[in-house]
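Asker: What follows is a predicted protein model with its sequence.
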Amino acid sequence: MLFRISHDTLGQVKVPQSAYYDAQTQRAVENFPISGLRLPRGFIRAQGIIKASAATANAAVGALDKRISQAIVQACEEVIDGKWDEHFVVDAFQAGAGTSQNMNANEVIANRANELLGGQRGEFSPVHPNDHVNMAQSTNDTIHVAINISTVEAMKEKLLPALNGLIKSLSAKAEEFNPIIKSGRTHLQDAVPIRMGQEFGGYAATLVTCEFNIRSTLHTLYSIGLGGNAVGTGINAHPQYAERAINEIALRTGYPFKKPRNRFSFMQNTLGAIQVSHTLKELAIHLIKISSDIRLLGSGPRTGLAELTLPAVQPGSSIMPGKVNPVIPEMLYMVCAQVIGNDATITTSGLGSQLEINVMMPVIAYNVLQSIEILANGMNIFREKCVDGLVANEENCLYYVENSLALATSLNPAIGYEKAAQVAKKAYAEGKSVREVAEIVTNLSDDELEKLLDPKLLV
C-alpha cells in the first residue's frame with residue numbers, strides 16, 4: 001500500500017495514498033480497532049446532508065466563498081449518494097461524542113472538494129476540513145443532528161412501512177380465520193372458546209398501538225439544534241446560519257425539521273433517540289409474543305397443538321429426516337432480543353449526558369439505527385415467509401374446543417360454579433367430554449345443553 005504524509009495539530013500522520021479521509025481519521029483508525037462495526041449508510045448520508053446544508057447556509061450569509069461552497073456541496077452530494085462510503089472507516093466505538101466521525105466526514109468532503117477544484121488530497125487547500133467544511137459547526141451539534149435525520153429517514157422509509165405491512169397481513173388473517181372457533185388458553189391450560197380471527201385481530205390491534213407510539217416520537221426527532229455549535233450558544237456562526245441550514249435540511253430530506261424550542265436542551269440530551277428506542281423495545285416485546293404464539297399454535301405436526309400450519313421454508317434438522325422447524329418466528333425472536341439489548345445500551349448511554357453534551361452519541365446512533373434496520377427486515381420476512389402463508393387446521397381446532405374442560409364455564413348460569421367445577425373434574429378423571437358428563441349429572445335437557453355448550457354461542 002502506498003502512503004502520503006499528512007498532518008494535524010498533533011503532528012505528521014501516515015495516511016493511505018488512496019484514502020479520501022486524512023490525518024485525524026487515521027488516528028482514530030489506529031486508536032479504536034475495537035469491533036469492525038461502522039455507523040451505517042443512513043448515518044453517513046445524514047452527515048452529507050448536514051455538511052451540504054451548512055455550506056449552502058454559510059455561502060448565503062456571506063461567510064463562505066461561493067466557489068468553495070459549490071465544491072463542498074458537490075462533494076457532499078456524492079457522500080449522500082453513497083459514493084465514498086468505504087472511506088468512512090471509524091469504528092462505532094470511538095472518541096466521545098463522535099469527534100472522529102465528524103472529522104471523517106469533514107476530511108472526506110474537503111479532499112474530494114479539493115479534487116473538484118483541481119487540488120490534491122491531503123493538501124487542505126483551497127478547502128480546509130475544519131475552516132470550511134466544518135464552518136459554524138461542532139461535533140456536538142452535527143452528530144446529534146445526524147442521529148435525528150438518519151433515524152427519521154429509517155423510521156419513515158423502512159420501519160413504519162414494514163410495520164404497516166405486517167398489520168395488514170395480520171388483519172387479513174383475522175378476517176380469513178374468523179369463522180374458525182378454537183379453544184382459548186390461559187396459563188397454557190384450557191380456557192373458554194375464542195375465534196381464531198379474534199386472536200389474530202388482537203395481534204393486529206396491538207401492533208396498531210405500537211405504530212401510534214412510534215409515530216408519536218417523530219415530533220421530538222424533527223427538532224434539531226444545528227447551529228448550537230459546541231455548547232448551544234452558536235459561537236462563530238452567523239445569526240442567520242442556523243435557520244437557513246435547518247431549512248435546507250428540511251428541503252433536502254422532505255421532512256419538517258425545525259429549530260428546537262430550547263437549543264441548550266437539545267445539546268444536553270439525546271431525548272429523541274431514547275424515546276424511539278423505548279418504543280422499539282415495546283414493539284419487540286409484542287412481536288416476540290405474536291411470533292411465539294404462532295410458533296406454539298403451529299407446534300407438531302403430530303405431537304403439538306397443530307392448530308396452524310406454517311409455511312415450510314427449509315429443512316429443519318441435520319439428523320431428523322423430514323423435520324421442518326418454525327425458523328421464521330425463531331428469527332424474529334432473535335431480532336427482538338437484540339433490539340431489547342440495544343435499548344439497554346441506549347438507556348445506559350443516555351446517562352452519558354453530562355453538562356452540555358452526551359459523549360455516548362456514536363453508540364446511541366449505532367444501536368438505534370441497527371434496531372430500526374433489523375426490525376424492519378425481520379417484520380418483512382416474518383410477513384412474507386410466515387404470516388401470509390399461514391393455514392388454519394380447522395379439524396384440530398374443533399377437536400380441542402369440543403374436548404376443552406373450560407366448556408364447563410358456560411354451565412355456571414344454569415347449575416352454579418361449584419357444580420360446574422364437579423362436572424369438569426369428573427370429565428377429566430374419566431376421560432370424557434363436559435357434554436357427556438353434564439348429560440348424566442345435571443337435570444338439564446338436551447336442548448338446554450345444546451344451547452349452553454354450543455361453541456358458536458360462546459364467542
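Answerer: Nice, thanks for sending it over. Numbers count the residues shown, from 1 in each chain.
Asker: where does Q12 land in three-state SS?
Answerer: Three-state call for Q12 (DSSP: H, G, I helix; E, B strand; the rest coil): strand.
Asker: Could I get the full set of strands for the stretch 151-300 of the chain?
Answerer: With DSSP state E, counting those that start in this stretch as the criterion, the stretch 151-300 of the chain has strands at 181-186, 189-195.
Asker: Tell me which of these is the most buried.
Answerer: Of those, the one with the most neighbours on average (mean count of other CB atoms under 10 Å) is strand 181-186, at a mean of 21. In short, each C-beta sits where N, CA and C put it, glycine included.
Asker: Can you report the mean pLDDT over the residues of that one?
Answerer: For strand 181-186, mean pLDDT rounds to 96.
Asker: Which neighbouring elements make contact with that strand?
Answerer: Packing partners of strand 181-186 (3 or more CB pairs under 8 Å, 6 or more residues apart in numbering; DSSP states H and E): strand 189-195, helix 196-216, helix 394-403.
Asker: Output that strand as PDB, restricted to C-alpha atoms.
Answerer: Provided in PDB are the C-alpha atoms of strand 181-186 (Å, rounded to 0.1, in the frame of the first residue of the first chain):
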ATOM      1  CA  ILE A 181     -63.700 -21.500  16.600                       C
ATOM      2  CA  LYS A 182     -61.000 -22.900  18.800                       C
ATOM      3  CA  SER A 183     -60.200 -23.400  22.400                       C
ATOM      4  CA  GLY A 184     -58.800 -20.400  24.200                       C
ATOM      5  CA  ARG A 185     -55.900 -21.000  26.600                       C
ATOM      6  CA  THR A 186     -54.800 -19.100  29.700                       C
END
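Asker: ok, and what's touching it?
Answerer: 190-196, 199, 307, 397-398, 400-401, 404, 406, 455-456, 459 (CB atoms under 8 Å, 6 or more residues apart in numbering).
Asker: do the same with stretch 152-161
Answerer: Counting contacts by CB under 8 Å, 6+ apart, the residues outside stretch 152-161 that touch it are 42, 45-46, 211, 214-215, 218, 221-222, 253, 255, 257, 276, 280, 369, 372-373, 375-376.
Asker: now it, how far from the centre of its chain.
Answerer: 9 Å (CA atoms, centre = their mean, to the nearest Å).
Asker: now that stretch: mean pLDDT?
Answerer: Across stretch 152-161, pLDDT averages out at 98.
Asker: buried set for that stretch?
Answerer: 152-156, 158-160 (16 or more other CB atoms under 10 Å).
Asker: Just the ones in helices from the residues you listed, please.
Answerer: Residues of the buried residues of stretch 152-161 located in helices (DSSP state H): 152-154, 160.
Asker: related to what we said a few turns ago, mind putting the strands of the stretch 151-300 of the chain in CSV, distance to N325 included?
Answerer: Converted to CSV, these look like this (distance: least, CB to CB, whole Å):
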stretch, distance to N325
strand 181-186, 22
strand 189-195, 26
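Asker: These: which one's closest to K323?
Answerer: strand 181-186 (25.0 Å; CB to CB).
Asker: The closest one pairs with which strands, and in what direction?
Answerer: Partners of strand 181-186 in the sheet, by DSSP bridges, are strand 189-195 (antiparallel).
Asker: mind giving me the domain ranges of this protein?
Answerer: Using automatic domain parsing, the domain parsing of the chain gives 3-135, 141-229+256-392, 404-457.
Asker: Least confident of those domains, on average?
Answerer: domain 404-457 - the lowest mean pLDDT of the domains of the chain, at a mean of 94.
Asker: List buried residues within the contacts of stretch 152-161.
Answerer: Buried, going by 16+ other CB under 10 Å: 42, 45-46, 211, 214, 218, 221-222, 253, 255, 257, 276, 280, 369, 372-373, 375-376, out of the contacts of stretch 152-161.
Asker: ok, and the closest non-adjacent residue to the residue nearest in space to the middle of the chain?
Answerer: Geometric centre of the chain, nearest residue: I372, 2.2 Å, by CA atoms, centre = their mean. Using CB to CB, 6 or more residues apart in numbering and skipping residues adjacent in sequence, the residue nearest I372 is A154, 4.4 Å away.
Asker: How much space separates that neighbour from N377?
Answerer: 11 Å (CB to CB, to the nearest Å).
Asker: re earlier: and the ones in helices among the buried residues of stretch 152-161 as a markdown table, adding distance to I249?
Answerer: Below are these laid out as a markdown table (distance: CB to CB, whole Å):
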| residue | distance to I249 |
| --- | --- |
| V152 | 10 |
| E153 | 11 |
| A154 | 16 |
| L160 | 20 |
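Asker: helices and strands around the helix of greatest length in the chain, which ones?
Answerer: Ranked by residue count, the top helix of the chain under DSSP H comes out as helix 271-297. Counting contacts by 3+ CB pairs under 8 Å, 6+ apart, helix 271-297 packs against helix 139-154, helix 196-216, helix 218-222, helix 327-350, helix 361-385.
Asker: Check which residues of it are buried.
Answerer: Of all the residues in helix 271-297, those buried under the rule 16+ other CB under 10 Å are 271-277, 279-284, 287-288, 290-297.
Asker: hmm, back to that, wait, doesn't the residue nearest to the centre of the chain sit right on I147?
Answerer: No: the criterion here is CB atoms under 8 Å, and I372 misses it with I147 at 11.6 Å.
Asker: Look up the closest residue to L10, ignoring the ones flanking it.
Answerer: L10 sits nearest to R27 (CB to CB, 6+ apart), 7.5 Å away.
Asker: Just the element for that neighbour, please.
Answerer: helix 23-31 (DSSP states H and E).
Asker: still on that earlier bit, which one, of the strands of the stretch 151-300 of the chain, ends up nearest to K83?
Answerer: Per CB to CB, nearest to K83 of the strands of the stretch 151-300 of the chain: strand 189-195, 54.2 Å.
Asker: Between helix 196-216 and that closest one, find me the angle.
Answerer: 90 degrees (axes from the mean of the first three to the mean of the last three CA atoms, to 10 degrees).
Asker: As CSV, the buried residues of stretch 152-161 with distance to A245 would be great.
Answerer: Compiled in CSV, the buried residues of stretch 152-161 are given as follows (distance: CB to CB, whole Å):
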residue, distance to A245
V152, 16
E153, 18
A154, 22
M155, 22
K156, 21
K158, 26
L159, 27
L160, 27
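Asker: of those residues, closest to C336?
Answerer: Nearest to C336, judged by CB to CB, of these is L159 at 13.4 Å.
Asker: now the closest residue to V276 other than its chain neighbours: how far from A237?
Answerer: Excluding the flanking residues, the one nearest V276 by CB to CB, 6+ apart is T217, at 4.9 Å. T217 is 28 Å from A237, where distance means CB to CB.
Asker: ok, back up a step: now the helices and strands packed on strand 181-186 in TSV, with distance to I68?
Answerer: As requested, those are exported to TSV (distance: least, CB to CB, whole Å):
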stretch	distance to I68
strand 189-195	67
helix 196-216	40
helix 394-403	71
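Asker: among those, which is nearest R121?
Answerer: helix 196-216 (42.3 Å).
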